[in-house]
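Colleague: what's the 3D shape of this:
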Amino acid sequence: MDIARENFGKSQLAALPEDLGTGLIAYTARLPRTRPYYTMMLFRCGDERPWISVDLSEVAKGRDPVSDLTQLLTIARKRYGELHECTPKPN
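Modeller: Here you go, the predicted model:
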């Protein structure tokens, strides 16, 4: 997570809600701009400390990238818990 903050901290749009885990949402705007919206989350699930990252090439006009990425991470974390039979918790 420290490396992600070092790489994307200056481009950070928002921190993640505390109930999700530790992470950030950033807009890099640097080349290559193939996927400038980037988010990363570290959380706990049982004894494991998995991380999930999602990056998007664009966000539709009128959409809120912070809200959309937060919702995607919420769904991914819940699904991870179901697949691995553990209860996801903040880091």
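Colleague: remind me, longest strand of this structure?
Modeller: In terms of residue count, the longest strand belonging to the chain (DSSP state E) is strand 37-45.
Colleague: what's next to that strand, contact-wise?
Modeller: With contact meaning C-beta atoms under 8 Å, 6 or more residues apart in numbering, strand 37-45 is reached by 1, 4, 8, 16, 20-28, 49-59, 65, 69-70, 72-73, 77, 80-81, 84, 86-91. For the C-beta atoms, the positions are set from N, CA and C on the backbone; glycine is no exception.
Colleague: and those, which of them are in strands?
Modeller: 22-27, 51-56, 88-90.
Colleague: low-confidence regions, the chain specifically.
Modeller: Applying pLDDT under 70 to the chain flags residues 1-12, 30-34.
Colleague: may I see the buried residues of the longest helix seen in it?
Modeller: Counting by DSSP state H, the longest helix found in the chain is helix 65-84. Neighbour counts over helix 65-84 (16 or more other C-beta atoms under 10 Å) mark Pro65, Val66, Asp68, Leu69, Thr70, Leu73, Thr74, Ala76, Arg77, Tyr80, Gly81 as buried.
Colleague: would you list those residues in CSV and tack on distance to Tyr38?
Modeller: Formatted as CSV, these follow (distance: C-beta to C-beta, whole Å):
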residue, distance to Tyr38
Pro65, 10
Val66, 12
Asp68, 13
Leu69, 9
Thr70, 13
Leu73, 12
Thr74, 17
Ala76, 14
Arg77, 17
Tyr80, 19
Gly81, 23
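Colleague: follow-up on the earlier one: biggest separation within the ones in strands among the contacts of strand 37-45, which pair?
Modeller: Taking C-beta to C-beta, the two most distant members of those are Tyr27 and Lys89; they sit 27.9 Å apart.
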